[in-house]
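Visitor: Dropping a prediction and its sequence here:
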Amino acid sequence: MKVSYSEKPAFKQEKIQGMINPAEGEIFDRGEFEKSILEIKQLYSEEGYVLMTLNPIPSYNEQEGYVDFLIEIDEGSVIVIDQVKINGLIKTKEKVVRRELDQLKIKTGEFLDMKALRKARQRLFQMGFLRNVEFIPSKFMEFFHENPCNSARFP
C-alpha cells in the first residue's frame with residue numbers, strides 16, 4: 001500500500017498505513033478495507049479536515065494474484081469555527097447550552113470536529129430541556145468549494 005498526499009500531510013504516512021486493513025501480505029477483504037477508509041476519514045474530520053477526499057486506486061497483478069492500492073489523500077482546508085449562534089431557546093438559558101458546547105470545544109477559534117458535534121447534539125438533547133437540537137451551517141458552507149476560506153459559521 002502506498003499513501004500519497006496533495007501537500008504537507010496532517011498525519012504521518014505510517015499512521016495512515018497502520019490504519020489500513022487488511023495489512024500488506026494478508027488476504028484482501030473489501031469490507032475491512034472500506035471500514036478502514038471510513039476510520040481514516042473520521043480521523044481527519046475530528047481534526048477539522050471536514051472536506052478531505054480520499055481516493056483508493058487499485059492496481060491488480062493477476063499473475064501474482066495480488067492487489068495493491070495507491071491511496072490519494074487531498075486534505076482540503078482546515079475548517080475553523082468562526083461563530084456559534086444559539087437560537088430558539090425559551091426556558092433554557094443560553095449559558096447552559098454554551099457551557100456544554102465549550103466543554104466539547106465547539107466555540108469560536110476551534111477546529112470543527114464532527115465527532116464532538118455529534119456528541120454535543122446528543123448531550124444537549126439528553127439534558128431534557130430541548131426538544132430539537134440542530135447544527136446548521138451558514139450559507140457560507142454551501143459555497144465553500146467556489147469560494148475557499150478557512151472558517152465556518154454556525155447560526
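Guide: Right, received. Where do you want to start?

Visitor: okay, CA-based contacts and neighbour counts for the rest of this
Guide: Will do.

Visitor: and the spatially closest residue to S36 that is not a sequence neighbour, what are its phi and psi?
Guide: Distances taken as CA to CA, 6 or more residues apart in numbering place I20 nearest to S36, at 5.2 Å, with adjacent residues excluded. The phi and psi torsions at I20 (degrees, to the nearest 10) take the values phi -80, psi 130.

Visitor: What of the one 10 residues further on?
Guide: Torsion angles at R30 (phi, psi; degrees, to the nearest 10) stand at phi -60, psi -40.

Visitor: same thing with P58?
Guide: Dihedral angles for P58 - degrees, to the nearest 10 - are phi -80, psi 150.

Visitor: Apart from its chain neighbours, what residue comes closest to it?
Guide: F69 (4.5 Å).

Visitor: Tell me how far that neighbour lies from E14.
Guide: Per CA to CA, to the nearest Å, F69 is found 15 Å from E14.

Visitor: ok, those two, which is more surrounded?
Guide: More neighbours surround F69 than the other of F69 and E14, with 14 against 9 (other CA atoms under 10 Å).
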